[in-house]
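Engineer: give me the fold of what follows.
(chains A and B)
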Amino acid sequence: MTGLTATRLSVGYGADPVLSDLDFTVPEGRFTAVIGPNGCGKSTLVKSLSRVLTAEPSMVQLEGKPLQKLKPKLLAQRIALLPQHPVVPDGVTVAGLVARGRYPYHRPLKQWSADDPQAIAQALEDTGMTAFADFPIDELSGGQRQRAWLAMVLAQQTQYVLLDEPTSFLDISHQIEVLRLCRQITANGRTVLAVLHDLNQAARYADQLVVMHRGSIVAQGAPHDILTTELITDVFGMESMIGSDPWSGTPMVVPVTD
Amino acid sequence: MTVQMFHVGEHIALSYRRRSVLIWTAMTALILSLAAATLMLGKLGLSPADFVDILSGEASTATEFVLQRVRGPRVLIAIMAGAAFGLSGALFQNVTRNPLGSPDVLGLAAGAGAGVAVASLVPWAIPAPIGALAGAGSAIGLVILSTGSGLSSTSKVIISGIAVAAIATAVTQFVVTATLRDEASRLAAYLVGSLNSRDMGQAGLIAVTLVLAFPVILWLAPRLQLMELGDELTTSLGGKATTTRTQAILVAVVLAAMAVAVAGPIAFVALMSPHAARMLTRTSGPNLVGSALTGAMLMVLADLAVQQIPLVEDLPVGIITAGFGGLFLGYLLLTEFRKGQS
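Structural biologist: Okay, here's the model as predicted:
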């Protein structure tokens, strides 16, 4: 078994499980977008693939090993997760925040590793935040703040980067910036799995789409191959037409309604 | 405000900020001067010549008496109990992510006080520290149980803290009315927090507590820094959020209980110290050293005031801290409400 896999993953209690019997292998080296209506289990899937939500040991495994069996810090060197609402600490600077992404490489009395300066500088550069390194987070705009969080996750230097709605609450130019960054991350061989809301942005920037509905994956593949009007009707309960993006030629979902 | 690293060999590297270290040094100097003033001022004050005698081991009996029985234990306890309160407040505020989450607001200090009072009732005399620990543990347990959501909701925690503190006060008052008059007035003074007639045994107790807590806190500190980012990020960065919170609260309860055992439930030092420390050092992070030093400074200052300032002379030190701390709590509540509204 290779990669990060979910096998018969079920999460939730009672008669109404959030995820039921879901099988999924995170596509390696790709930018994969998880889409679906509200409450379909997108966030739950992404959280279950890190250790933030604990599933049964048999259900989520990294290279055939249950996540719980791996030491927390070793796991954090492999899988990073940016939650939807991270807490901004009082008075922390961008560089200070990004440095916290290096925690998995430290020990209690050794809060430093030889790769820290390079990893932090690289993360700041990749997110275009180098000039803001000494700025307090609370003085940044929403878009800059999100880039700072992404820089922190990048400094973690993990193979898997999981992002829970990284573009929500950003204006459109910042949304595009984040999506381009996701693509850039995969250019370095890393894997990105992000929950997105905008179908057209997902189709344009992601290599792969994972479409979820009521706790199951109903379609998975390249946007061109899987986005059909039937799928949109089934999943979102909305009539639509599918055209092509005038700039990129990727599929573009247009609602057909008054 | 860049972070510096302090290296010892290959295996130890601790981060610090230069500005923080400068402020810590200045605070330590100030605490030592206040302590010296406490020893030197007033009727029983020691002269510089006495200090020379003490250092050369030729002090007179009177000087030794003042140092070892009267002023010495008092100033040592003020410094160390203050530091313990400050640390306890910093730990609680960090893991509850609640600027008001301190042993005072949570009812923990009142609980510890009640524990000491109840312990004094029992004929076979339960030692005060054990009473304090039991009281503090029960208080925090009640708060955690009664919110129904642990310590995660700021407002629920504060409201249950008020209730638990009220219960603890009721227990305490019952004990005070049930005991003999002499004992009752001694107990009443202790219960507002007093540093009168302390002895070296009590100074030793709080010293041992701090010495034992130090390595644990050092070991927890990097994870406490992560806790500020929220439970999800703490866990995904490998910091085990729930375990860290439990460990930090255990240490904080022991520190607060022992401080209460030796100095009484002194109000608001634990609440004020982390905030004052953050304003001084202007850093993020749990700010443990700064909070400990600020707590020590506040206590020594308050204790010096009740020994030397005419109007407040001979008041229990807890009344001074309650006065200032009450104002500070009002200010914090106001800023929190404003934040909540914006």
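Engineer: the residue of the stretch 51-200 of chain A found nearest chain B: neighbour count?
Structural biologist: Taking Cβ to the nearest Cβ as the measure, the stretch 51-200 of chain A has residue A:76 as its residue closest to chain B, at 3.3 Å. Just so you know, the C-beta spots here come from the backbone N, C-alpha and C atoms, and that holds for glycine as well. Per other Cβ atoms under 10 Å in any protein chain shown, the neighbour tally for residue A:76 reads 24.
Engineer: and the nearest residue to residue B:6 once chain neighbours are set aside, which of the three is it?
Structural biologist: Closest residue to residue B:6 apart from its sequence neighbours, by Cβ to Cβ, 6 or more residues apart in numbering or on different chains: residue B:14 at 4.7 Å. Here residue B:14 is strand, with the state taken from DSSP: H, G, I helix; E, B strand; the rest coil.
Engineer: how about the residues of the stretch 51-200 of chain B near chain A?
Structural biologist: residue B:97 (Cβ under 8 Å from any Cβ of the partner chain).
Engineer: of all the residues in the stretch 51-200 of chain B, which one is nearest chain A?
Structural biologist: Closest point on the stretch 51-200 of chain B to chain A, by Cβ to the nearest Cβ, is residue B:97, at 6.6 Å.
Engineer: got phi/psi on the most centrally placed residue in chain A?
Structural biologist: Among the residues of chain A, the one closest to the centroid is residue A:163, at 2.2 Å (Cα atoms, centre = their mean). Backbone geometry at residue A:163, expressed as degrees, to the nearest 10, gives phi -130, psi 120.
Engineer: in the sheet, who's paired with it?
Structural biologist: Beta bridges link residue A:163 to residue A:82, residue A:194 when assigned by DSSP bridges.
Engineer: outside of stretch B:274-290, which residues touch it?
Structural biologist: Contacting residues not belonging to stretch B:274-290 are listed as A:89-93, A:96, B:1, B:17, B:19-20, B:23-24, B:27, B:86-87, B:89-91, B:93-94, B:99, B:102, B:217, B:221, B:224-225, B:227-228, B:291, B:293-294, B:298, B:328, B:332 [Cβ atoms under 8 Å, 6 or more residues apart in numbering or on different chains].
Engineer: helices - which of these land there?
Structural biologist: When DSSP state H is applied, these are split such that A:96, B:19-20, B:23-24, B:27, B:86-87, B:89-91, B:93-94, B:217, B:221, B:224-225, B:227, B:291, B:293-294, B:298, B:328, B:332 fall in helices.
Engineer: ok so, going back, name the nearest residue to the residue of the stretch 51-200 of chain B closest to chain A, sequence neighbours excluded.
Structural biologist: Nearest one to residue B:97, counting by Cβ to Cβ, 6+ apart, is residue A:87 at 6.6 Å.
Engineer: now do residue A:206
Structural biologist: Computed as Cβ to Cβ, 6+ apart, the closest residue to residue A:206 that is not its neighbour in sequence is residue A:33, at 3.7 Å.
Engineer: if I look at the residue nearest to the centre of chain A, how far off is residue A:185?
Structural biologist: Look at residue A:163 and residue A:185: by Cβ to Cβ, to the nearest Å, they are 10 Å apart.
Engineer: same question, residue B:139
Structural biologist: 48 Å.
Engineer: more crowded one of these two?
Structural biologist: Between residue B:139 and residue A:185, counting by other Cβ under 10 Å, residue B:139 is the more crowded of the two (30 against 20).
Engineer: what are the ranges of the helices in chain B?
Structural biologist: Secondary structure of chain B by DSSP H: the helices cover B:18-40, B:48-56, B:61-65, B:71-96, B:108-121, B:128-147, B:154-178, B:181-192, B:200-227, B:231-236, B:241-263, B:269-281, B:288-308, B:317-341.
Engineer: quick revisit: and the residue nearest to residue A:206, what are its bridge partners?
Structural biologist: Beta-bridge pairing for residue A:33 (DSSP bridges): residue A:194, residue A:209.
Engineer: for burial, what's the neighbour tally of it?
Structural biologist: With other Cβ under 10 Å as criterion, residue A:33 counts 29.
Engineer: look up how far residue A:201 lies from it.
Structural biologist: Residue A:33 is 8 Å from residue A:201, by Cβ to Cβ.
Engineer: thinking again about what came up before, what residues are shared contacts of residue A:163 and residue A:185?
Structural biologist: Shared contacts of residue A:163 and residue A:185 (Cβ under 8 Å, 6+ apart): residue A:192.
Engineer: now for residue B:273: which residues touch it?
Structural biologist: Contacts of residue B:273 (Cβ under 8 Å, 6+ apart): B:82, B:85-86, B:89-90, B:291-292, B:294-295, B:298.
Engineer: how many other residues sit next to the residue lying closest to residue B:176 once chain neighbours are set aside?
Structural biologist: If you skip the residues right next to it in sequence, residue B:176 has residue B:184 as its closest partner in space, 5.1 Å away by Cβ to Cβ, 6+ apart. By other Cβ under 10 Å, 14 other residues sit near residue B:184.
Engineer: check residue B:240 too.
Structural biologist: 18.
Engineer: quick check: end-to-end length of stretch A:11-24?
Structural biologist: End-to-end distance of stretch A:11-24 (Cα to Cα, to the nearest Å): 14 Å.
Engineer: name the surrounding residues that touch the strand or helix carrying residue A:153.
Structural biologist: Following DSSP states H and E, one finds residue A:153 within helix A:142-155. Helix A:142-155 is contacted by residues A:80-82, A:86, A:88, A:94, A:97-102, A:119-120, A:122-124, A:126-129, A:132, A:137, A:140, A:161, A:163, A:166, A:169-171, A:173-174, A:177-178, A:181, A:185 when judged by Cβ under 8 Å, 6+ apart.
Engineer: please pick the buried ones from those residues.
Structural biologist: Buried by 16 or more other Cβ atoms under 10 Å in any protein chain shown: A:80-82, A:86, A:88, A:94, A:97-102, A:119-120, A:122-124, A:126-127, A:129, A:132, A:137, A:140, A:161, A:163, A:166, A:170, A:174, A:177-178, A:181, A:185, out of the contacts of helix A:142-155.
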